[in-house]
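Q: Predicted structure and sequence below. I'll ask about it afterward.
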Amino acid sequence: MVQIQASVEINAPLDKVWNIISDLDSEPKFWKGTKEIRNISREGNIVNREITIAFKDSKCMQTVTVYPKEKIHAEFTKGIINGTKTITVIRSGDKTRIDAGWDIKLSGMMGMFTGMVKKHIQNGTEQALRSIKQEAER
C-alpha cells in the first residue's frame with residue numbers, strides 16, 4: 001500500500017471550507033485527477049458513485065461517507081485503485097486545516113506502476129488543497 005499525506009492551513013472559518021469540500025459533485029473542479037463523477041445512490045451520509053480518473057480514463061467505484069464538518073472518507077470499491085482517501089477538517093481558531101490522506105494500491109497488473117502513480121497523486125493532492133485554499137480565502 002502507498003500512503004500519501006498532505007495538509008494546508010486556510011484563513012477561513014471551518015463552515016466555509018466545509019461547504020467547499022463537502023460539495024462532492026464539484027470534486028473535479030479541485031481534484032484534477034478526478035475527471036468525472038456519476039452518482040449512483042445516496043442514502044443519508046453515504047454516496048455510491050462512479051468516478052473517471054485521469055489515469056487512462058479509468059472508471060472506479062467509490063463509497064463515500066460524509067461525517068459533517070469532520071471528514072469525508074472515500075473507499076475505492078472497484079477499479080484499478082484499491083484503498084481509501086480521507087479528507088479531514090480541523091478548526092484552529094479562525095483558521096481551518098485540511099488533512100488529506102491516501103492509503104491505496106493499484107490493482108492487478110497496474111500494481112507495478114504504483115510508485116510512479118504515487119508521485120502524481122501526491123502532486124495532485126497538494127494542488128487540490130491549494131485550489132481549495134484559494135477558493136475559501138476569496
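A: That came through, no problem.

Q: Quick check, central residue of this protein?
A: The chain has Lys85 as the residue nearest its centroid, 5.6 Å off, counting by CA atoms, centre = their mean.

Q: Can you pull the phi and psi angles for the nearest residue to it once chain neighbours are set aside?
A: Spatial nearest neighbour of Lys85, excluding adjacent residues (CB to CB, 6 or more residues apart in numbering): Ala74 at 4.6 Å. For glycine as for every other residue, the C-beta is placed from the backbone atoms N, C-alpha and C. Ala74 adopts backbone torsions of phi -110, psi 120, taken as degrees, to the nearest 10.

Q: Neighbours of Ala74, how many?
A: Ala74 has 23 neighbours, counted by other CB atoms under 10 Å.

Q: From Met112, how far off is it?
A: 24 Å (CB to CB, to the nearest Å).

Q: where exactly do the strands run in the protein?
A: In the chain, the strands defined using DSSP state E lie at 2-10, 34-43, 46-53, 59-67, 71-78, 81-92, 95-106.

Q: Which secondary structure elements does the last one sit against?
A: Strand 95-106 sits against strand 2-10, helix 14-21, strand 81-92, helix 114-136, with contacts defined as 3 or more CB pairs under 8 Å, 6 or more residues apart in numbering; DSSP states H and E.

Q: In a markdown table: these, plus mean pLDDT.
A: As requested, the helices and strands packed on strand 95-106 are exported to a markdown table (pLDDT from 0 to 100):
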| stretch | mean pLDDT |
| --- | --- |
| strand 2-10 | 97 |
| helix 14-21 | 97 |
| strand 81-92 | 96 |
| helix 114-136 | 93 |
